[in-house]
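K.L.:
I'd like to go over a predicted model; first the sequence, then the structure.
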Amino acid sequence: NNVTGDAVIASGQDARLRWAQFLGGDTSYLVGTDGINRPFKWDGTASGATLLGQGSEGGPSKALDMTEFFGRLWAINTDTGDTVTEYSEDGEEGVWTGGLFFSATRESPGVALAKHNDGVLLIFHQNSIHRVEPNYDVGEFFATYLVDNSVGCKSTHSVVNYKGVTYFYGPDGFYRIQDPRRPAEYISWPVESYINSLGRTRDLEVTAVPREEPWNEIVWLVSYRGSSDEPTVHNSAIVYNPLLDAWSIFESPGHDMNF
């Protein structure tokens, strides 16, 4: 079957999709977005279809990132605005009623979304981080709180929740959030000099690859410049082992790490 169906998908080595799992009614979907074109859904059997939307304003025609949280599909940096986070109706991937959106900050574009746990959604902007929690005092609505206004996220694909902790690539290295009620922690002191030599034009492409059991590692694919020209591909991997609090660096002999 055709996973993308009638969806238009960007092409190229840096055109990576962001995926979310969503239960709409009795159907479980994979929802994908490339950050440029209209997001799409796939039920695992039929051909994929775009999220055309059924609400008064329809679904987003673009979204830099999407995820599921509290029975709704959430999207950030959409056609409504680059600082906007919006969400669908409960259990309805195609119903995006007007008014179900907000700007956690009006000064910094949205970068990524990450479900930290079942009760907390993290919203990453370029210069700040916020969290969303259900507001049980008023029923179906949500409350937004500031997590950190001293650091933000540089790469959508660098964000990963791994074994209950959320990690991301910030302006000067890698950070983690263990308790979403506290600011982010900088963790990449041991590899700081290496990070300072990454290709700055490729900061947006830093990509997290978590290794599941029985391993205990997060791999970030990066573009290392060193003393050579600005790289155009991923050519190195920075690996963090949370259990050992240890770092490793692997460089591709051909300076080209295709995957």
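P.N.:
Okay, I see it.

K.L.:
can you give me the helices for this protein?
P.N.:
Secondary structure of the chain (DSSP state H): helices at 192-195.

K.L.:
Give me the most central residue, it.
P.N.:
Taking C-alpha atoms, centre = their mean, the centroid of the chain lies closest to Ala112, which sits 3.8 Å from it.

K.L.:
ok, what's across the strand from it?
P.N.:
According to DSSP bridges, the partner residues bridging Ala112 are Phe124.

K.L.:
wait, doesn't it sit right on Phe124?
P.N.:
Yes - the pair Ala112 / Phe124 is scored as a contact, 4.3 Å apart, by C-beta atoms under 8 Å. For every residue, glycine as well, the C-beta is placed using N, CA and C.

K.L.:
Which neighbours do the two have in common?
P.N.:
Common contact partners of Ala112 and Phe124 (C-beta atoms under 8 Å, 6 or more residues apart in numbering): 153, 159, 168.

K.L.:
ok, the second one to Glu212 distance?
P.N.:
Distance, Val159 to Glu212, using C-beta to C-beta, to the nearest Å: 17 Å.

K.L.:
More neighbours: the two, which one.
P.N.:
For Val159 and Glu212, the more surrounded residue by other C-beta atoms under 10 Å is Val159, and the numbers stand at 22 against 9.

K.L.:
residues touching the more buried one, list them.
P.N.:
Under the criterion of C-beta under 8 Å, 6+ apart, the contact list for Val159 reads 111-112, 114, 124, 153, 166-169, 208.

K.L.:
which among the residues you listed gets closest to Gln178?
P.N.:
Of all those, Gln178 sits closest to Thr166, with 8.2 Å by C-beta to C-beta.

K.L.:
in the sheet, who's paired with the closest one?
P.N.:
For Thr166, the beta-bridge partners under DSSP bridges are Asn161, Ile177.

K.L.:
quick one, strands of the stretch 1-150 of the chain?
P.N.:
Assignment of strands within the stretch 1-150 of the chain using DSSP state E, counting those that start in this stretch yields the ranges 18-24, 27-33, 40-42, 49-50, 63-69, 72-78, 81-87, 101-103, 110-117, 120-125, 129-134, 142-148.

K.L.:
What strands flank the shortest one, and is each parallel or antiparallel?
P.N.:
Strand 49-50 has the following strand partners under DSSP bridges: strand 40-42 (antiparallel).

K.L.:
Check which residues of the partner strand are buried.
P.N.:
By neighbour count, with 16 or more other C-beta atoms under 10 Å as the criterion, the buried positions of strand 40-42 are 40-42.

K.L.:
How about stretch 231-244?
P.N.:
231, 233-240, 242.
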